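Participant: Sequence and computational prediction follow.
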Amino acid sequence: MIGYTRFRLTESTRYPIMERNLRLYPAYATAFAAHFWLPVFFLYFQSHLTVAQVLRLEALYYFAVVLTEVPSGYFSDVIGRRITLILAAASVCVAHGLFFFGSSFSHFAAGQIFLAIGMAFNSGTNTALHYDTLARLDRTKEYDQREARVARLAFLGSGVAALLGGVVATFGLRNAYALSFAGGLAALALATAMKEPNRHTDGQRLSVFAFRLEIGQALRELRQPALRWLSAYVVIMIVLNHLPYIFYQPYLDQLLQGPTIVDGATPLSSGIVTFITMIVAAYIAGRSIWLRDRLGLVPTLLLGTALQTLIIAAMALIIHPLIVFLILLRSCPRAIMTAPRNAAINPLIQEEHRATYLSLESLVGRLAFSAVLWGLATLGGPDSDLRAILLTATAIAVVGLIGLLISARAFKKQ
């Protein structure tokens with residue numbers, strides 16, 4: 001008993017500051033996900049630009065993410081998780097400032113680039129910091145349940161932010177970006193207060209040769225059949241999850257048939273819809289591991305794909321108030337997949353290039369979506385028809401779902 005007590009005391013005091021990461025990380029994830037602009041960004045851009053310009057602006061964002069995604073992961077693996085998250089939060093603060101004061105395509109384009117940098121530096125590094133912290137504390141068995149709770153909190157934070165953003169946007173669409181700037185500052189403070197968990201950053205340096213070597217080592221992880229299927233799944237879902245996200249605001253605007261974007265009921269309605277969407281998603285995220293344990297990993301992930309395909313198809317075929325209830329489920333596929341996917345994929349990747357691999361995975365997905373979005377922007381010219389765009393998106397979703405169903409047979413459970 002004495003020996004056991006000494007061991008437990010030694011383990012609990014070995015990295016005591018790492019416990020602070022576990023307390024701060026959920027708050028950081030919630031603050032970073034507090035996008036008050038979420039229910040009005042399309043409307044805000046469209047109040048200054050044409051629909052085609054807005055779509056190209058979104059495509060520019062994803063292209064910028066592509067350029068920074070892998071370098072950010074390499075930066076995280078070599079320099080550290082904490083400084084990478086600090087840069088992520090600082091970048092989104094700059095972006096929100098540009099959006100608030102902007103009024104032209106060039107202003108918004110600059111904001112999109114800084115937003116892309118922030119999202120890229122956060123992507124992969126956030127979950128890597130969480131997993132690495134638990135690894136330092138010898139508590140990786142807690143990761144799946146903890147990641148599910150963090151996902152639930154992030155969805156809740158995003159939902160509350162969307163509701164508040166919709167409310168303040170009724171008095172001016174740009175007001176949502178002022179609140180987002182405050183949320184970015186909170187994330188910046190929390191990231192600064194965390195501790196670097198990575199064991200392999202000492203003595204490493206940035207170089208072109210080392211960067212190429214790191215990418216090669218990360219890509220060698222794809223020798224694992226399970227990892228190949230999981231990564232293909234993530235790439236497809238990045239595309240599908242973003243399609244309703246981009247188009248549900250103009251869909252609501254058509255449904256409400258407001259005389260103008262600014263004076264109509266769309267901002268508040270969009271905020272309420274987004275709030276309910278995130279609350280539903282938060283509940284699903286909290287139950288995602290339970291769902292995985294009962295259905296199995298692959299059926300759970302494919303359930304999310306099928307649901308998102310149904311939502312996109314319904315938006316394409318019917319403009320009716322009842323479809324809004326289906327749109328409320330648009331974040332559920334992401335909620336279903338996040339924790340099970342993270343729990344499955346992180347243990348398969350070596351710590352020293354975990355963030356690089358996750359960034360490569362995200363890069364391919366965002367590059368695919370950027371190409372899809374740019375193609376959709378050309379559909380129908382400057383005044384693109386929403387229904388034609390959504391029908392094309394439905395075809396893409398169906399092809400993706402069929403591909404995953406066929407390839408799932410080759411997946412071997414780890």
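Facilitator: Perfect, I can see it now. Numbers count the residues shown, from 1 in each chain.
Participant: Might you report the residue contacts of residue 302?
Facilitator: Residues near residue 302 by CB atoms under 8 Å, 6 or more residues apart in numbering: 401, 404, 405, 408. Backbone N, C-alpha and C define where each C-beta goes, glycine included.
Participant: List the buried residues of whichever strand or helix holds the third one.
Facilitator: What it means is residue 405. Assigned by DSSP states H and E, residue 405 belongs to helix 386-407. Within helix 386-407, the residues that qualify as buried are 386, 389, 390, 391, 392, 393, 394, 396, 397, 400, 401, 404, counting by 16 or more other CB atoms under 10 Å.
Participant: ok, residue 151 - how many residues close by?
Facilitator: Residue 151 has 28 neighbouring residues, counting by other CB atoms under 10 Å.
Participant: helix or strand right after the helix or strand hosting it?
Facilitator: Element membership of residue 151 [criterion: DSSP H and E] is helix 143-169. For helix 143-169, the following helix or strand on the C-terminal side (DSSP H and E) is helix 175-193.
Participant: between that next one and helix 143-169, how big is the angle?
Facilitator: If you take axes from the mean of the first three to the mean of the last three CA atoms, to 10 degrees, helix 175-193 sits at 150 degrees to helix 143-169.
Participant: what helices or strands is helix 175-193 leaning on?
Facilitator: Helix 175-193 sits against helix 18-32, helix 41-46, helix 81-101, helix 143-169, with contacts defined as 3 or more CB pairs under 8 Å, 6 or more residues apart in numbering; DSSP states H and E.
Participant: switch to 6 Å and redo it
Facilitator: Under the contact criterion of 3 or more CB pairs under 6 Å, 6 or more residues apart in numbering; DSSP states H and E, helix 175-193 touches helix 18-32, helix 81-101, helix 143-169.
Participant: And that helix, what's buried?
Facilitator: 175-181, 183-188, 190-191.
Participant: Among the residues you listed, which one lies nearest to residue 156?
Facilitator: The nearest member of the buried residues of helix 175-193 to residue 156, counting by CB to CB, is residue 183 at 13.7 Å.
Participant: In this protein, where is pLDDT below threshold?
Facilitator: Scanning the chain for pLDDT under 70 picks out 1-16, 198-219, 221, 249, 253, 256-266, 351-353, 355, 379-384, 410-414.
Participant: Please report how far the residue nearest the centre of it lies from residue 95.
Facilitator: Geometric centre of the chain, nearest residue: residue 123, 7.2 Å, by CA atoms, centre = their mean. Residue 123 is 15 Å from residue 95, where distance means CB to CB, to the nearest Å.
Participant: nearest to residue 222, of the helices and strands packed on helix 175-193?
Facilitator: Among these, the nearest to residue 222 by CB to CB is helix 143-169 (22.0 Å).
Participant: what's the angle between the closest one and helix 18-32?
Facilitator: Angle between the axes of helix 143-169 and helix 18-32 is 30 degrees (criterion: the same axes, to 10 degrees).
Participant: Report the buried residues of helix 143-169.
Facilitator: In helix 143-169, counting by 16+ other CB under 10 Å, buried: 143-144, 146-148, 150-169.
Participant: Next: stretch 319-327.
Facilitator: Neighbour count says stretch 319-327 has 323, 324, 326, 327 buried, by 16+ other CB under 10 Å.
Participant: for the third one, what are its contacts?
Facilitator: When the contact criterion is CB atoms under 6 Å, 6 or more residues apart in numbering, the partners of residue 326 are 311, 314.
Participant: Quickly note the distance from residue 227 to residue 236.
Facilitator: Separation of residue 227 from residue 236 (CB to CB) stands at 15 Å.
Participant: Not counting sequence-adjacent ones, nearest residue to residue 169?
Facilitator: Leaving aside its sequence neighbours, residue 169 sits nearest to residue 267 (CB to CB, 6 or more residues apart in numbering; 4.0 Å).
Participant: cool, and residue 28?
Facilitator: According to CB to CB, 6+ apart, the nearest residue to residue 28 is residue 190 (4.1 Å).
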